[in-house]
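Colleague: sharing a model prediction with you, sequence too.
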Amino acid sequence: MSLHFNRDIFPPGGWQYYQPETNWSLPNPLNYSFTGAAELIHSHRAANAALAGGSTLAKAMADLENYTRTRLGQNQAPPATAASYEQQPISGCRTCGRKG
């Protein structure tokens, strides 16, 4: 993964994740840290026979980071400057970014 992604910075909308094979979404994505969300993903996969074979916490963490990068539009080439979403000023709602 490229630089400028910080797992300690809460992204807009929280740590969201969708598992298409089971039609499962991480419940209450605003309530979990990155590690807590990855642990839930790993637990969900481990509890489902179709997904359990390749289930590791490291894989869940990598998948959550990739899903978040894609959701935030960060899977493109790194920007020419050092600016990243965690360095951008936040105004309005801290979870959805809506102003006013």
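Modeller: Right, received. Where do you want to start? Numbers count the residues shown, from 1 in each chain.
Colleague: can you give me the strands for this protein?
Modeller: 18-19, 24-25 (DSSP state E).
Colleague: so can I have JSON lines of these showing mean neighbour count and mean pLDDT?
Modeller: All C-beta atoms are positioned from the backbone trio N, CA, C, and that covers glycine. Listed next are these as JSON lines, based on neighbours: other Cβ atoms under 10 Å; pLDDT from 0 to 100:
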{"stretch": "strand 18-19", "mean neighbour count": "14", "mean pLDDT": "96"}
{"stretch": "strand 24-25", "mean neighbour count": "14", "mean pLDDT": "96"}
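Colleague: tell me who's in contact with the nearest residue to G36 once chain neighbours are set aside.
Modeller: Closest residue in space to G36, ignoring its immediate chain neighbours: W15 at 7.9 Å, by Cβ to Cβ, 6 or more residues apart in numbering. W15 makes contacts with 26, 29, 32-34, 36-37, 64, 68, as judged by Cβ atoms under 8 Å, 6 or more residues apart in numbering.
Colleague: what of L40?
Modeller: L40 touches 26-27, 32, counting by Cβ under 8 Å, 6+ apart.
Colleague: can you tell me which of the residues you listed are buried?
Modeller: 26, 32 (16 or more other Cβ atoms under 10 Å).
Colleague: so who does G73 touch?
Modeller: G73 neighbours (Cβ under 8 Å, 6+ apart): none.
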